[in-house]
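Visitor: can't give you the sequence, but here's the structure:
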């Protein structure tokens, strides 16, 4: 006998949790498609040389081998750790075929060898959207990515969230205007601001002057003290060109988002957002659940200059965003978010009781009618089971409505509809079955 | 520079092919849910001891290892090769929690190390439904599985298909009634009937008498020569109890399927179907595309007596069916099936042209209105691009309708709708935008 236990770091949902995850996936995919992002579904396995081309930490990668028997060649294979490397390879492979700008969505699992801990899984879902340009890509693409992410999070309906947005050029230009030479190192320190009480000691280690440090400490607090329009004006006097370019881009993206219906309450211009070192070059964003900021970002992304540099000499700039689907659900469950709980119900609306083998044909007619009308319907499988047991099944599976068809109903051409919430019952005509159920 | 090539045996779709696959997945999942099957999504990784518990060929299994660095324990892990082993482990793990009969659907990828060849992939999709009983499971469950598979294939709308159904008890009872003692070996031979010209020599090797061989050769041809009702009556005189039990079950399942709306044209009682040796014990079925029978079964399944025998001492009988999703699509593409081609289109219905940065705000209002109404809409990203280039993008992405908003339209409160099929254009009022697009 083998113990049917789970594998450390790999989560497995109970049916009611799975229904929440499915609903999340469905809403995100629908919103991504609504904004014109075509689904992709690359293999979960990639060649290791592709996975590690950008210098990924290969301690985190799962390798693949044939368990027994000979392999046909020596190509080293592994599981993808994100959806961006496969996209880069895919775009380079199909660069002569794809229509650019190429807009794709990919909602799928990725794999990372990490020490398992709360909210950190080894297998988890990400939901990515990216727009890839051939040679160049207009700034409006950044607006589309952020709108798409916003629309999706909004329809998930879990409550307030704030997209913190910035432009890397603003941050870099600001540091230049402070005469700081170690730009990359300073950004790396700023990136740690939420992980420590103060970054001052780390800035001192970079041998910045106390005046420079003071300016940086003020800068990273701007978003707490000023509103969006104030922030967009606060740098008006700064003569640094890169900063002004970043400011213009940031302002353009922000204003167009508002025109596309993104609520200003959900947008926070935050000049301290950097998203790490080198990858992102323009727009960057991170998203936090209102009241649960300490639980980290649930969606992030930005503009990058060259997606496929390891695979082709042609330049493919892009902009992308990702919703950390597994992470988001884990956080909401931890917060006991009430908005998502109604999704944790059975897939069926109706249970047709099966009380009499003689009347089965009539019951099947009812089942057929309901399913044809698109109403998820089950029939109890065993006609010899007592009514109490059949009702208990509906209750266990959270099915709210039960249909009972007996001798009286057959005579009257009706069926009894019993609502398990409240217990009210109503005899309805078979002719009006679908409209009564839907009402 | 790394070559962005594919891995042998792993398919990767272009966007238009992917849209077909997504549509298949969507239709199957919807139909499975309509019949009350809750989605599950177990990890793709299982412990090797669980994967091989039933004596699976471990030459076909992919193992998993951490690429670099130390592992925390010595549990051997591998990729699942089907969705049934994970289901068995899952049911045993959660036997105290699940509501029985447990109905689950699982549409997901599985992995098999095989020599890559046409239509045989190393990573492919299966779409499974199963009903698992606790201790016992009524025969009506078999009806529900077959209805669910039928409804799904029907809505996929690729044309004719025939579900060949049988009951293992009928086959076994028939062999008993011929006084054959080597039942299992004989069934193994019958199972090979479509792979060779005649199974007579193999039956001779089992030392069956020429009379026995003659009876078997007639038996396996019954379905070609008789219709369903004739077959259900042909065994009336046979006194074998197991045969009669199988016949009663087969007849019950067949008749209830018809009552649930399954077309008799799509059902063929075929007493020669065996689905291999030991696993299935009652109902069995295989499904063929009409006119493409030689390309093999695209959906199969049946009744099994004990799902979780390797994981728990409690008996869990079940019945299940699987649509070979990747296989089905490969066959239809090979047949150049025209019915599925319309699905190979972009996700977007509308492209809003972006001709003038001054009018962008108005265009965004249009985009917002359409998306809010659930109409997949893109806006061309670059306002400096010529109209011809923007039209070309719509054409490349197979977007059929284009909206043009210029100075005249702004004055009139209208927008120009151009249909790229045919080229007709029409000025429509902004107020009626959604209803005009949907009409």
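Guide: Nice, I can see it. What you are looking at is a predicted structure, and each value in this text was computed from that prediction instead of being measured. Numbers count the residues shown, from 1 in each chain, chains lettered A, B, ... in the order given.
Visitor: Need the pLDDT of the residue positioned nearest the centre of chain A.
Guide: In chain A, the C-alpha nearest the mean C-alpha coordinate belongs to residue A:323, at 2.7 Å (Cα atoms, centre = their mean). pLDDT, the model's per-residue confidence, is 98 for residue A:323.
Visitor: Just read off the phi/psi values of it.
Guide: phi -100, psi 120 (degrees, to the nearest 10).
Visitor: ok now do it, which residues does it touch?
Guide: If a contact means Cβ atoms under 8 Å, 6 or more residues apart in numbering or on different chains, then residue A:323 has A:28, A:126-127, A:149, A:152-153, A:298-299 as its contacts. C-beta here means a position set from N, CA and C on the backbone, and glycine is covered the same way.
Visitor: Residue A:262 too?
Guide: Counting by Cβ under 8 Å, 6+ apart, residue A:262 has contacts A:146-147, A:150.
Visitor: Where does pLDDT dip in the stretch 101-250 of chain A?
Guide: In the predicted model, the stretch 101-250 of chain A carries pLDDT under 70 at residues A:119.
Visitor: So which bits of it are right by chain B?
Guide: Applying the criterion Cβ under 8 Å from any Cβ of the partner chain, the portion of the stretch 101-250 of chain A that neighbours chain B consists of A:101, A:103-104, A:109, A:113, A:115, A:123, A:131, A:137-138, A:140-141, A:144, A:151.
Visitor: Filter those residues down to the buried ones.
Guide: Under a neighbour-count criterion of 16 or more other Cβ atoms under 10 Å in any protein chain shown, the subset of these counted as buried comprises A:101, A:103-104, A:109, A:113, A:123, A:131, A:137-138, A:140-141, A:144, A:151.
Visitor: Not counting its neighbours along the chain, what's nearest residue A:79?
Guide: Computed as Cβ to Cβ, 6 or more residues apart in numbering or on different chains, the closest residue to residue A:79 that is not its neighbour in sequence is residue A:111, at 3.9 Å.
Visitor: Can you verify my assumption that the one you found contacts residue A:122?
Guide: Yes: shown here, residue A:111 and residue A:122 form a contact pair, counting by Cβ atoms under 8 Å, at 6.4 Å.
Visitor: of those two, who's got more company?
Guide: The residue with the greater number of neighbours, taking residue A:111 and residue A:122 and applying other Cβ atoms under 10 Å in any protein chain shown, is residue A:111; the counts read 25 against 21.
Visitor: about what we covered before: in helices only, show me the residues of the stretch 101-250 of chain A next to chain B.
Guide: A:140-141, A:144, A:151 (DSSP state H).
Visitor: one step back: do you know how far the residue nearest to residue A:79 is from residue B:44?
Guide: Residue A:111 is 9 Å from residue B:44, where distance means Cβ to Cβ, to the nearest Å.
Visitor: same check, this time on residue A:242
Guide: 45 Å.
Visitor: any shared contact partners between residue A:111 and residue B:44?
Guide: Between them, residue A:111 and residue B:44 have A:44, A:123 as joint contacts when contacts are counted by Cβ under 8 Å, 6+ apart.
Visitor: Would you map out the domains in chain A?
Guide: Here chain A is described, according to automatic domain parsing, as comprising the domains A:15-342, A:350-438.
Visitor: Would you map the strands across the stretch 201-350 of chain A?
Guide: Using DSSP state E, counting those that start in this stretch, the strands of the stretch 201-350 of chain A run over A:267-269, A:280-289, A:299-304, A:318-323, A:350-352.
Visitor: Neighbours of residue A:385, how many?
Guide: One way to gauge burial is a neighbour count; for residue A:385, by other Cβ under 10 Å, it gives 16.
Visitor: Tell me the residues of the stretch 251-400 of chain A that contact chain B?
Guide: Where proximity means Cβ under 8 Å from any Cβ, the interface of the stretch 251-400 of chain A facing chain B comprises A:256, A:259-261, A:308, A:310-313, A:346-348, A:354, A:360-361, A:364-365, A:367-368, A:371-372, A:374-379, A:381-384, A:393, A:396-397.
Visitor: Tell me the buried residues within those.
Guide: The neighbour-count test (16+ other Cβ under 10 Å) marks A:256, A:259-261, A:308, A:310-312, A:346-348, A:354, A:360, A:364-365, A:367-368, A:371, A:375-379, A:381-383, A:393, A:397 as buried among those.
Visitor: Tell me which entries of the residues you listed lie within helices.
Guide: Among these, the members falling in helices (DSSP H) are A:256, A:259, A:360, A:364-365, A:367-368, A:371, A:393.
Visitor: hang on, the earlier thing: and the residue nearest to the centre of chain A, how far from residue A:300?
Guide: In this view, residue A:323 and residue A:300 are 9 Å apart by Cβ to Cβ.
Visitor: now do residue A:317
Guide: When Cβ to Cβ is applied, the distance between residue A:317 and residue A:300 equals 18 Å.
Visitor: Kindly report the same for residue A:368.
Guide: Computed as Cβ to Cβ, the residue A:368 to residue A:300 distance reads 48 Å.
Visitor: Same check on residue A:416?
Guide: Per Cβ to Cβ, residue A:416 is found 53 Å from residue A:300.
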